[in-house]
Structure formats: C-alpha cells, structure tokens
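# 3D model of this:
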Amino acid sequence: MEKMKADPAVFPQLLNDSGEQTAASSMSGTLMTDSDTLTPIGNIEEIKGAEGIADEKTVRKKYEDLTKYLIAEEITITTMESCTSGQVASLITDTEGASAVLKGAFITYSNEAKIAQGVPGGTIGKYGVYSAETASAMAKACKDAMHADIGIGVTGSFGNVDPNNADSTPGEVYFAIADENGIRPYHCTVPKQPTRLSYKLYMSEVIVDTLRQR
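Residues are numbered from 1 along each chain as shown. Predicted structure coming up:
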C-alpha cells in the first residue's frame, strides 16, 4: 500500500509501516504455513471501543471518509464477516463509487461457509471458530480471493451463545486486517447492546477506527 504511505496527512496509515515483514508472516506473531492451520498467535492486540451504544450517523460518516480515501488512493478492500453479517461491506458501499475499491465480500455465518471460502478447516478445528487464528485466516482468504490490497476477517459472538460452537462467549469478537505486509489480529469485548444492529454497528466502528489509526 505504497500510495497510502506516501501521503499520511490525507488519512492515517491503515496498517504496519515497518515494511520489514513479508506477506508470509504477520505483524503480531502469526505465521502462515503450508499446512492446514496457522501457527498459534501469541500477540493479539486488545481494542477497546467506545462506551455505550454506537451512534449510527457517526459510524456512517467514518465509513464515508474511509471509502472516499480508498477511492482516491486506488486501494482495494474486501471482507469476510461472520457476526457482523456484511455490515462492514455494506457501510463501505453506502458511498458512491465504492465499486472501484470493493469488488466483492463474503458473509460466512457458518463454519461450513468459512471453509467453502478458503478458511482451512484445520484452523477452525484446532483453535475454534471464535479465535484470532480463524479471524486471520478469514482476512487472508478474502484478500486472496478478491486480489484486494486489504482483507478484513471478523468472527465472534454478540448477545447469545452459539449452540453450534463450544468456544462461543457473548460479546467476545476477534477480527484481523491483512495487507501486503501480513496479518494483524485483534480482540474486542463488546458491551451489551440493545439490538442486533447496535452490536453490528458497534463492531463496525471498532474496525473502521482501527483502520484509520494504522
């Protein structure tokens, strides 16, 4: 993402600027291997969102600013979303011209859907679907599939326990951002929200804020 690095005054750099790691390694201790799983992630960045409920108007404005920046800099982006159900991609497409940067996205609400879209079944089996490893694999899979500059993977539970996955903990969400330098995983504890939409908007704001700050 050299274009982004060239003019940080226009918009904060999205991801790591060291340029020292290759696409085969992450920025937080994850190593992509030739096997069916990721190696364990030992350094997950904890992200704390705002207190209370996300303001929808504010979230939409942040995504409008992000999308306009991506369009101006010709930086492509894609997502693979589980608990947010495509909310991040939807917010990106609310800005006119978004088709120039978002070629496609994936809503992978089940384990089977994640595997069908390129997430190794071994990663889910070894680390659980709600894990930094799976979020990282999701980010890589969607980035590779869409040949995008940035891939975002999101997995977690919101208000209820997932009866299909033993590692489900309400309010615990993992997400990862992949770019040319690798993959950076994050964890966020989402406070109780009044509606499902509120949960999705809250997490979407956490993600866009993380992008804007890197």
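
# lowest average confidence, helix or strand, in this structure?
Lowest mean confidence among the helices and strands of the chain (mean pLDDT, DSSP states H and E): helix 2-6, at a mean of 40.

# Output the below-cut-off pLDDT ranges for the protein.
Applying pLDDT under 70 to the chain picks out residues 1-40, 42, 161-162, 166-167.

# Which helix or strand contains the residue most central in space within the chain?
With distances taken as C-alpha atoms, centre = their mean, Ile152 lies nearest the centre of the chain, 3.0 Å away. In this structure, Ile152 is located in strand 150-156 according to DSSP states H and E.

# Tell me which residues of the next helix or strand after that strand come out buried.
Scanning forward in sequence from strand 150-156, with DSSP H and E defining helices and strands, the next element found is strand 172-179. Judged by neighbour count (16 or more other C-beta atoms under 10 Å), strand 172-179 contains these buried residues: 172-179. Any C-beta I mention is one placed from the backbone N, CA and C, and that applies to glycine too.

# now swap in stretch 91-109 and tell me
Buried residues in stretch 91-109 (16+ other C-beta under 10 Å): 91-93, 95, 98, 101-102, 105-108.

# Report the backbone C-alpha coordinates of it in CSV.
These are the backbone C-alpha positions of stretch 91-109, laid out as CSV (Å, rounded to 0.1, in the frame of the first residue of the first chain):
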residue,chain,number,x,y,z
LEU,A,91,-21.2,0.6,5.1
ILE,A,92,-18.4,0.8,2.5
THR,A,93,-20.9,0.6,-0.4
ASP,A,94,-23.0,3.4,1.0
THR,A,95,-20.6,5.8,-0.6
GLU,A,96,-20.9,6.5,-4.3
GLY,A,97,-18.1,5.0,-6.3
ALA,A,98,-17.4,2.2,-3.8
SER,A,99,-17.4,-0.4,-6.6
ALA,A,100,-13.9,0.9,-7.6
VAL,A,101,-12.5,-0.4,-4.3
LEU,A,102,-14.8,-3.2,-3.1
LYS,A,103,-15.0,-5.9,-5.8
GLY,A,104,-16.8,-8.3,-3.5
ALA,A,105,-17.2,-9.6,0.1
PHE,A,106,-18.3,-12.7,1.9
ILE,A,107,-20.8,-13.3,4.7
THR,A,108,-19.8,-16.6,6.2
TYR,A,109,-22.2,-17.2,9.1
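
# which residue ranges form the helices in this structure?
For the chain, helices defined by DSSP state H occupy the ranges 2-6, 56-73, 87-93, 111-116, 121-127, 132-146, 196-213.
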